[in-house]
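**Q** take a look and give me a structure for this.
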Amino acid sequence: MIVDAHQHFWRADRGDYGWLRPADSVLYRDYLPQDLAPLMAAGHVRATVLVQAAPTEAETRYLLDLTAQAGFVAGVVGWVDMEAPGAPARIAEMVAYGHGKLKGLRPMVQDIADPRWLLKPELDPAFEAMIEHGLVFDALVSPHHLRTLQARLLRHPNLRAVLDHAGKPDIAGGEFSDWADAVAQLARELPRLHCKLSGLLTQAGEGAGADALNPYVAHLFEHFGPERLMWGSDWPVLNLRSDYGRWLDLAQALVRRHAPGHEQDIFGATAIGFYGLDMKEEML
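**A** Numbers count the residues shown, from 1 in each chain. Okay, here's the model as predicted:
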């Protein structure tokens, strides 16, 4: 059973996707459950984790509402204003609204101008509230945030956290060593931190394949091990470089190369256990 641990939906006319522009011909359109369902069926993917794409609580409620018509969504990673004075209460309200579907929160750190935002003490109550409610912290960061991410996570040893898109290495630019050093230190110092095998084709150049990704994937397996990695499509952002079926095939080939025998974990079991996904009978 395959679980996609990272996908998005959006409706362009909602207006809260500040990064989504009409000039983005591939992405500037609606992407909804009926668009993903046939791609999942073709790849034998049974369930997903639906991840926020706008820094608004309204969008998180929209995604939670969508789960009623998207029966394959096993959990939602949303957004709450973690800097607000009432952040813990906001988180509690969103958890209640989700009726068990809200599994994590994701501040869009990569888009925040302050590179040290994660270190702000004003965020402490929100992170503690996430622990209280059993929520995962999805870390959407760029390589230059990895050191501050480590410092934040060391403050909260009981927080479950996952590194989205492997920390977004600049594969197209050939940058490796700084990212690799920071990732190795993160994995070593934070043994509970997980990592998503997702978003890598988007970080690579046009037409990139297994050879371009292989050094980065090998590094992830060396330092996180197969037990702390989970596959995600990052659909529909993935469409900038590839398509759902090609990335799934490519990821499966890479896992067979680096972690034979661990396919069941990376493509399903780890995400189910890590997020505490609600697997309905029809998903099993």
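
**Q** could you measure from residue 161 over to residue 107?
**A** From residue 161 over to residue 107 the distance is 12 Å, taken as CB to CB, to the nearest Å. Bear in mind the C-beta positions are built from the backbone N, C-alpha and C, glycine included.

**Q** residue 45 too?
**A** Per CB to CB, residue 45 is found 27 Å from residue 107.

**Q** may I have the phi/psi pair for residue 2?
**A** phi -100, psi 130 (degrees, to the nearest 10).

**Q** surely it is in contact with residue 42?
**A** No. The criterion here is CB atoms under 8 Å, and residue 2 misses it with residue 42 at 11.4 Å.

**Q** that's a helix at residue 18, yeah?
**A** No. Under DSSP: H, G, I helix; E, B strand; the rest coil, residue 18 falls outside any helix and is assigned coil.

**Q** mind checking which helix or strand residue 196 is in?
**A** Assessed by DSSP states H and E, residue 196 sits inside strand 194-197.

**Q** one more: residue 88?
**A** Residue 88 belongs to helix 87-98, assigned by DSSP H and E.

**Q** what's the first helix or strand after that helix?
**A** strand 102-105.

**Q** elements contacting that next one?
**A** Other elements packing on strand 102-105 under the criterion 3 or more CB pairs under 8 Å, 6 or more residues apart in numbering; DSSP states H and E are strand 73-78, helix 87-98, strand 136-139.

**Q** ok, which stretches of the stretch 1-150 of the chain are helices?
**A** Assigned by DSSP state H, counting those that start in this stretch, the helices in the stretch 1-150 of the chain fall at 33-43, 57-66, 87-98, 124-132, 146-155.

**Q** same question, the stretch 151-284 of the chain
**A** 177-189, 200-203, 210-224, 244-258, 263-264, 270-275.

**Q** where does the chain have low pLDDT?
**A** For the chain, the stretches with pLDDT under 70 are 281-282, 284.

**Q** ok, now which ones touch residue 204?
**A** Residue 204 makes contact with 171, 172, 212, 213, 241, according to CB atoms under 8 Å, 6 or more residues apart in numbering.

**Q** can you tell me how far it is from residue 250?
**A** Using CB to CB, residue 204 is found at 11 Å from residue 250.
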